[in-house]
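S.K.: can't give you the sequence, but here's the structure:
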């Protein structure tokens, strides 16, 4: 299956899930996750009408997307992987949306760089809904206060929340929790759902789904 064909299939599934959930067509943004895939695959997706992409690592994105964005200014690039404070400068310069704000050190570093560069990507707080010790993200019980602190202390406009449910857990309760936290925090975006569960996420209120392998195929992590 070509990238164009795979995108068509994923878009059809999204539209069906929107209809099933009683949501307007087009209410969910598809983020094509291009991590580990070459620039040529990104350009093939653009040729098929996809302009929103997600990358996990600042360094990898910096090798692919400056030339892509120069050629296609309407491309929107999302950082969906963990962010270290020493990469804040590059992240603010390159990404249009950052999904992985999860501690005060990152919030402060982003706030400083955004003021310095006069560039203001949209920001989402990553929530560790499964409270897994090895995973990035803030604990659910701390989320609403952290969003408020990002606004009041760091001067950041948080637009949403993001989560990655634990492998092996039914994802729906995690998506429902993120939706409830987003309501309590007063944010609009809910970034949740990947290739294996994005239909479920749409039913639970996802505004952004992060789909990679269903579009680009299986990843060769040894090549990343």
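M.R.: Received it, and whenever you're ready, just let me know what you need. Keep in mind that this is a model prediction, so the values were computed, not measured.

S.K.: the helices in this structure, which residues?
M.R.: Applying DSSP state H to the chain gives helices spanning 3-20, 39-47, 58-71, 88-94, 104-117, 140-152, 171-185, 198-203, 213-216.

S.K.: which residues touch the closest residue to residue 175 other than its chain neighbours?
M.R.: Nearest residue to residue 175, sequence neighbours excluded (C-beta to C-beta, 6 or more residues apart in numbering): residue 204, at 3.7 Å. Where you see a C-beta, it was placed from the backbone N, CA and C, and this is true even at glycine. Counting by C-beta atoms under 8 Å, 6 or more residues apart in numbering, residue 204 touches 172, 175-176, 178-179, 192.

S.K.: try residue 162
M.R.: Contacts here follow C-beta under 8 Å, 6+ apart; on that basis residue 162 touches 80, 99-100, 124-127, 178, 190-192.

S.K.: separation between it and residue 177?
M.R.: Using C-beta to C-beta, to the nearest Å, we find residue 162 at a distance of 13 Å from residue 177.

S.K.: and for residue 99?
M.R.: Taking C-beta to C-beta, one finds residue 99 at 17 Å from residue 177.

S.K.: give me the more crowded residue out of those two.
M.R.: residue 99 (28 against 20; other C-beta atoms under 10 Å).

S.K.: is it true that the more buried one touches residue 126?
M.R.: Yes - with contact defined as C-beta atoms under 8 Å, residue 99 reaches residue 126; the gap is 6.2 Å.

S.K.: low-confidence ranges in this structure?
M.R.: By pLDDT under 70, the low-scoring segments of the chain are 219-224.

S.K.: centroid residue for it?
M.R.: residue 80 (4.3 Å; C-alpha atoms, centre = their mean).

S.K.: ok so, going back, out of the contacts of residue 204, which is nearest to residue 139?
M.R.: Each of the contacts of residue 204 was scored against residue 139 by C-beta to C-beta, and residue 178 proved nearest at 12.7 Å.

S.K.: would you check that residue 120 makes contact with residue 111?
M.R.: No - applying C-beta under 8 Å as the test, residue 120 and residue 111 come out as separate, 10.1 Å apart.

S.K.: looking at these two, which is more packed in?
M.R.: Taking neighbours as other C-beta under 10 Å, residue 120 and residue 111 compare with residue 111 leading, 18 against 13.
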